[in-house]
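Enquirer: Fold the following.
(one chain, ligands or ions: 2)
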Amino acid sequence: MPRRDRVSPFLFVALFAQTAWFADRIFRLNALRFGVLGTARIARRIVADMQSVDAIQVVGIASRDPARARWYADQYGIAQAFDSYDAMLASDSIDAIYIPLPPSLHHDWALAAADAGKHLIVEKPVAMTLAEAQAIDQRCRDRGRQWLDATAWLHHLRTDRIRQSIDAGELGRVQHISVACSFFEPFQSDDHRLKPDLGGGCLLDLGWYAYGMARWAAGRLPVAVQSIGRQDRGIWFRSSSLLDFGDDLTATVNCAYDTATRKWFEIAGDQASIVCDDFTRPWPSKPARFWIHDRAGSAKSETFDGNQEARMLATFADLVSNATAAAAMNQQALDTQQILQTVADGIAS
Ligand SMILES: NC(=O)C1=CN([C@@H]2O[C@H](COP(=O)(O)OP(=O)(O)OC[C@H]3O[C@@H](n4cnc5c(N)ncnc54)[C@H](OP(=O)(O)O)[C@@H]3O)[C@@H](O)[C@H]2O)C=CC1
Ligand SMILES: O=C1CO[C@H](CO)[C@@H](O)[C@@H]1O
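Expert: Ligands and ions are numbered 1, 2, ... in the order given. The predicted structure follows:
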């Protein structure tokens, strides 16, 4: 009997799966749909990074000024321009909100976004005070939404490697952490960093990185903090602190608007130390790197590729799609906020 050629049903299934895969890749059908609140300078970079992540689609941007929202949407290839922040929060076509507003506005808009059922990435500093940051955390839990602070260095591959090195005992027993973050007043006119009512000052801005790094390296809150600081024009221009994390671990932390750009840390153990000279963001045109210095003075360096912002965003999309809270990351942010408050209170008293 002649054999009749039949198309295998498996071929149909395979073709269907492949078409669905391509459609998903091209149209990002299952992507987390982001809206951007405001037309901040940092949003330009983060929007580009979002657009590079398959699991994310940037679908809207809102501004207090409708013409500015339209201009940004056209300029950055974003489908929808919203005439107000409230209009964007009310939209059903948006799952998550990115909040790159001046610090004093983070709290209210984060609560409003969570109340509107959105997940959120909030720029650093999360808020002005620990109570505000805790309120954001609690509201997101109440609404079953995920949140993350946009502290991208924590998501770099280099950061994972440094953690691994500490945990593997390559430094021996970690005894002291030193951190410095600063830049010398390169303010744009009208910059929120100079305005007390918008949350200006180096402490919340650069201290977020510096004190946050010490907390990250220690893995816990300090038991005692001593600080000094200098104010100018109603905001912090410098702060320096000595932190005691207990169990013989200490840290010295400095952040400032009155010294040249610095973004380095040293984690010193009794066998070796790690030095990183650009931890918040790798220097332009240089690979991310760090050095391990041993007791005899020899140093070996490691370098890393990769975009820390894209990795952070992909992690967030993954957390949302798996309905997993970013518990450890949220705790790092809350602890950082608590340390900043302790420092501010300590200098003031
Ligand atoms: N993760 C990182 O690497 C970085 C993080 N940041 C953080 O991102 C946030 C934004 O910083 P930056 O990009 O410098 O912000 P910008 O000053 O460039 O923009 C802030 C935006 O907020 C909106 N806005 C709403 N209300 C006000 C107000 N009363 N005054 C000023 N702006 C207002 C405006 O958008 P519109 O008028 O269109 O509504 C404005 O464009 C800060 O929290 C900062 O610390 C900043 C730089 C890098
Ligand atoms: O987060 C940020 C990145 O670093 C800048 C300084 O270089 C900060 O001012 C900014 O807010």
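
Enquirer: mind listing what Trp136 touches?
Expert: If you look again at residue 136, you'll see it is Ile, not Trp. 106-107, 110-111, 114, 122, 126-127, 147 (C-beta atoms under 8 Å, 6 or more residues apart in numbering). Placement of C-beta: from N, CA and C, glycine included.

Enquirer: Now with 10 Å, please.
Expert: 99, 106-111, 113-114, 120, 122, 126-127, 147, 149, 330, 333-334, 337 (C-beta atoms under 10 Å, 6 or more residues apart in numbering).

Enquirer: Then Leu148?
Expert: Leu148 sits in contact with 96, 119-122, 126, 140, 154-155, 312-313, 315-316, 319-320, 325-326, 329-330, 333, where contact means C-beta under 10 Å, 6+ apart.

Enquirer: Contact residues of the stretch 51-200 of the chain facing ligand 1?
Expert: The stretch 51-200 of the chain comes close to ligand 1 at residues 63-65, 68, 100-103, 105, 123-124, 150, 152, 192, 198, as judged by C-beta under 6 Å from any ligand atom.

Enquirer: Would you mind listing which of those residues are buried?
Expert: By neighbour count, with 16 or more other C-beta atoms under 10 Å, these hold 63, 100-103, 105, 123-124, 150, 152, 192, 198 as buried.

Enquirer: Point me to the residue of the stretch 201-349 of the chain nearest ligand 1.
Expert: Asp205 (5.4 Å; C-beta to the nearest ligand atom).

Enquirer: Surely that residue is in contact with Gly199?
Expert: Yes. Taking C-beta atoms under 10 Å as the definition, Asp205 is a contact partner of Gly199 at 8.3 Å.

Enquirer: residue boundaries of the helices in this structure?
Expert: 9-27, 41-51, 66-76, 85-89, 106-115, 130-143, 157-167, 202-205, 207-218, 308-321, 327-348 (DSSP state H).

Enquirer: is it possible to export the ones you listed to CSV including mean pLDDT?
Expert: Listed next are those as CSV, based on pLDDT from 0 to 100:
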stretch, mean pLDDT
helix 9-27, 60
helix 41-51, 97
helix 66-76, 98
helix 85-89, 98
helix 106-115, 98
helix 130-143, 98
helix 157-167, 98
helix 202-205, 98
helix 207-218, 98
helix 308-321, 98
helix 327-348, 96
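
Enquirer: what would those look like in a markdown table with distance to Leu243?
Expert: Output for the helices of the chain, formatted as a markdown table (distance: least, C-beta to C-beta, whole Å):
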| stretch | distance to Leu243 |
| --- | --- |
| helix 9-27 | 47 |
| helix 41-51 | 28 |
| helix 66-76 | 40 |
| helix 85-89 | 37 |
| helix 106-115 | 25 |
| helix 130-143 | 16 |
| helix 157-167 | 17 |
| helix 202-205 | 14 |
| helix 207-218 | 6 |
| helix 308-321 | 25 |
| helix 327-348 | 8 |
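
Enquirer: Report the contact partners of Ala348.
Expert: Contacts of Ala348 by C-beta under 10 Å, 6+ apart are 227, 229, 231.

Enquirer: Quick check: chain neighbours aside, which residue is closest to His156?
Expert: Gln308 (3.9 Å; C-beta to C-beta, 6 or more residues apart in numbering).

Enquirer: how close does the one you found get to Ile94?
Expert: According to C-beta to C-beta, to the nearest Å, Gln308 and Ile94 sit 25 Å apart.
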